[in-house]
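Colleague: model this:
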Amino acid sequence: MLRRIVAGNKLGKESLHGRFVHPDHDFFRGCTVTLTFRCLAVFMIAVLAVAENSQSALPDETSATSAGIENAANELERGTAFERAEQWDEAVAHYERALKKTPNDKDLEYALRRARIQMSVSRRYLDESYQELLKSIRVSDMSRLLSEVYGKIESDYLDPISVTRFVSHGTESLYMGLANSHFLKLSAPQASVDRIASVRATLVKQYWNREVQNLQEAWSLIEEISSLCGRNLGISQRAVVLEYIFGGINALDHHSVLLTEDENRAMNSHVHGNLVGIGVVIQADSQKGILLERVFQGGPAAAGGLQAGDHIIAINGQDCRGVTTNEAASLLRGEPNSTVRLTYSRADGRQYTNSFRRQNFTIPSVAHAEMIDPARGIGYIRLEHFQDRTLAELDEAIENLRSQGMQALVWDLRGNPGGQLDVAHRVAQRFISDGVIVRTRGRGRNQSQEMLAGSLAAHQFPLALLVDENSASASEIIAGAVRDHNRGVIVGRTTFGKWSVQTIMPLTTRWGMALKMTTARFYSPHDHNYAGRGLEPDVAVPSAADVETLFFRPVAGEELRQDPDVVEAISVLDGRLSRNRQ
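Modeller: Below you'll find the model as predicted:
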């Protein structure tokens, strides 16, 4: 969840953050790296991580332990294959799923951390605004940037972070960068393998977790390491210092990130629901090409006939089978009104080639609304984001359904990754008339607050709320309020479990950057925080094998009525309506 200081608030789904450990797993030396910036806000082409819940009966403690070790080893082997194939975004998604099956495994946690850092390094080096920063930022600007970033961490981050810890994570990020082909291509193109190995060994031997008392000592240490890298590898001071500033953010939780100008612009666009591109969410899919996980209605891709489940096999004539998600993303991005030519295949084997014009378009918050059971008076609304226009769209959808005789509502928040905090609060007020909606608690100024209902005109009709493992942040605020106020029945699967607030803080540099940082935790009206575990539904519905595919393409009418979650929700609401009529 994000609280925006200047231009509103946003919430979003991400995952756990590993501890800082010695880089003793060094098999990835020389690998190239790719990423997906794991936020739907960025370029609308990011991976949506899908959590997998796995439960099995365990006969005894010994066999359980053995099975856990074997499972972890198998998952590490699969993850290593992704890493060796230079597919770091896929490696991250794999390790996240593996840790759902084998929680707290230290090797898996480190593997996830390693992949995330490499993913982050590549994200920066594939970012055009970061490339420009590397060319032109002055030393004095970098010094001010370091002071400003750490100053905001010191005053507003959820937990205290020492200068030593911040700098140590910068050292780790530089160490990882020296095994990253994107970093090396731009910052050390002439460096030999032996010299790179020698500098990495020096980082571990002389600088790992080096104590510094203040920013002045930190700057001196960074300058010393910059000289080392410059003499031996030809790396510029800019590249080293920026790695320390951006990499130092790894000392914070995984939800925190220093945004480049392009990322900050994209994040702002998504907060307001206005995007530039063709409107797809993609994921590399082995040798099949680039899977379209989602095609947004109202975007150029949908208008041109692309469908969720299609595979892009060529972009502007360049074969993209076997490429990584972020490499494909780079090919898909472009200026408004520019065109991209795509060759894609459908499940039936047919291939198509069409051109799509990148455009500004709006993502609706209310993706679908209909009277799903007119005879019983049950309506359905699928809400996919909490952003600027959400309240107006929701009010319009509800009034339209009520005009058709709606007496109860199935409210679908499955797959909803979140949005703006204040919007979630105002949306909840439409259904809860009294008491607390949500509480936030943080260390900085204005980070602790209590948000109340205070709306006597709240809707009173029976409510069934659909959630799943991808319902996060703002969606979890709604679920927590519905649960604690006994306002409706929650149906589906356990929610994502984020339960923290991120604030986007614009920086004063001329480079258009911003710091997205965790500043508070949020709590349900009864003071529950479900971070890392999620909120369990009142009525659990097992996840069907095809539920992801069904959700990410338009579903309505009879197909929607056959959705297992919707079937259960209608049954619950029918029972409540029957009791009300008695």
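
Colleague: when you work out contacts or count neighbours from here on, use the C-alpha atoms and nothing else.
Modeller: Noted.

Colleague: what about the helices in the stretch 351-500 of the chain?
Modeller: Here the stretch 351-500 of the chain has its helices, by DSSP state H, counting those that start in this stretch, at 390-403, 421-429, 474-484.

Colleague: what's the first helix or strand after the helix or strand containing T519?
Modeller: Applying DSSP states H and E as the criterion places T519 in strand 514-523. Counting by DSSP H and E, the next helix or strand C-terminal to strand 514-523 is strand 539-540.

Colleague: helices or strands next to that next one in the packing?
Modeller: strand 489-492 (3 or more C-alpha pairs under 8 Å, 6 or more residues apart in numbering; DSSP states H and E).

Colleague: tell me what the strand it packs on is packed against?
Modeller: Packing partners of strand 489-492 (3+ C-alpha pairs under 8 Å, 6+ apart): strand 463-467, helix 474-484, strand 539-540, helix 564-581.

Colleague: ok, and for the second one, which residues are buried?
Modeller: Taking 16 or more other C-alpha atoms under 10 Å as the basis for neighbour counts, the residues of helix 474-484 that come out buried are A474, S475, E476, I477, I478, A479, G480, A481, V482, R483, D484.

Colleague: report pLDDT for the second one.
Modeller: By that I understand S475. Note for S475: predicted pLDDT of 97.

Colleague: could you find the closest non-adjacent residue to it?
Modeller: Distance criterion C-alpha to C-alpha, 6 or more residues apart in numbering; nearest residue to S475, sequence neighbours excluded, is G418 at 5.6 Å.

Colleague: quick check: that neighbour vs H425, distance?
Modeller: 12 Å (C-alpha to C-alpha, to the nearest Å).

Colleague: cool, and H528?
Modeller: From H528 to H425 the distance is 17 Å (C-alpha to C-alpha).

Colleague: which one's more surrounded, those two?
Modeller: Legend: neighbour count by other C-alpha atoms under 10 Å for H528 and H425, higher for H425 (21 against 15).

Colleague: wait, that one sits on G454?
Modeller: No. Judged on C-alpha atoms under 8 Å, H425 makes no contact with G454 at a distance of 10.9 Å.

Colleague: what does stretch 241-248 contact?
Modeller: For stretch 241-248, contacts defined as C-alpha atoms under 8 Å, 6 or more residues apart in numbering pick out 134, 142, 145-146, 149, 165-174, 222-223, 226, 257-258.

Colleague: alpha carbons only: can I get that stretch in CSV?
Modeller: The C-alpha trace of stretch 241-248 is given here as CSV (Å, rounded to 0.1, in the frame of the first residue of the first chain):
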residue,chain,number,x,y,z
VAL,A,241,28.1,5.8,-6.2
LEU,A,242,24.7,5.2,-7.8
GLU,A,243,25.0,1.5,-7.0
TYR,A,244,25.5,2.3,-3.4
ILE,A,245,22.5,4.7,-3.3
PHE,A,246,20.1,2.5,-5.2
GLY,A,247,21.5,-0.7,-3.7
GLY,A,248,21.4,0.7,-0.2
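
Colleague: in a markdown table, list the helices of the stretch 351-500 of the chain along with distance to L465.
Modeller: Formatted as a markdown table, the helices of the stretch 351-500 of the chain follow (distance: least, C-alpha to C-alpha, whole Å):
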| stretch | distance to L465 |
| --- | --- |
| helix 390-403 | 15 |
| helix 421-429 | 12 |
| helix 474-484 | 7 |
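
Colleague: between these, which gets nearest to N104?
Modeller: Nearest to N104, of all the helices of the stretch 351-500 of the chain, is helix 474-484, at 23.8 Å by C-alpha to C-alpha.

Colleague: which stretch among the helices of the stretch 351-500 of the chain comes nearest A556?
Modeller: helix 390-403 (15.0 Å).

Colleague: for stretch 436-447, how far is the first residue from the last?
Modeller: From start residue to end residue, stretch 436-447 stretches across 16 Å - C-alpha to C-alpha.

Colleague: go through that stretch and flag the buried ones.
Modeller: V436, I437, V438, R439, T440, R441, G442, R443, G444, Q447.

Colleague: ok, now stretch 572-580?
Modeller: V572, L573, D574, L577.

Colleague: for the last one, what are its contacts?
Modeller: Listed by C-alpha under 8 Å, 6+ apart, the contact set of L577 reads Q407, A408, P462.

Colleague: closest one of those to T494?
Modeller: The closest of the contacts of L577, once distances to T494 are taken by C-alpha to C-alpha, is P462, at 21.3 Å.

Colleague: OK, contacts around that closest one?
Modeller: Contacts of P462 (C-alpha under 8 Å, 6+ apart): Q407, A408, L409, R487, G488, L573, R576, L577.

Colleague: if we use 10 Å, what do you get?
Modeller: Neighbour list for P462: 378, 407-410, 431, 487-489, 572-574, 576-577, 580 [criterion: C-alpha atoms under 10 Å, 6 or more residues apart in numbering].

Colleague: before we move on, what about L573?
Modeller: 376-378, 407-410, 461-464, 488-489, 579.

Colleague: in TSV: those, plus pLDDT.
Modeller: Below are the contacts of L573 laid out as TSV (pLDDT from 0 to 100):
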residue	pLDDT
R376	94
G377	95
I378	96
Q407	96
A408	96
L409	97
V410	97
F461	95
P462	95
L463	97
A464	97
G488	96
V489	97
R579	78
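
Colleague: separate out the buried members of the residues you listed.
Modeller: R376, G377, I378, Q407, A408, L409, V410, P462, L463, A464, G488, V489.

Colleague: next, count neighbours for the residue nearest to L76 when sequence neighbours are not counted.
Modeller: Closest residue to L76 apart from its sequence neighbours, by C-alpha to C-alpha, 6+ apart: L108 at 6.6 Å. Counted with other C-alpha under 10 Å, the neighbours of L108 add up to 22.

Colleague: L108 and R78 touch, don't they?
Modeller: No. In this structure L108 lies outside contact range of R78 using C-alpha atoms under 10 Å: 11.2 Å.

Colleague: check whether D388 really touches G273, as I assumed.
Modeller: Yes. In terms of C-alpha under 10 Å, D388 counts as a neighbour of G273; the distance is 7.1 Å.

Colleague: can you give me the end-to-end span of stretch 473-491?
Modeller: End-to-end distance for stretch 473-491: 17 Å, by C-alpha to C-alpha.
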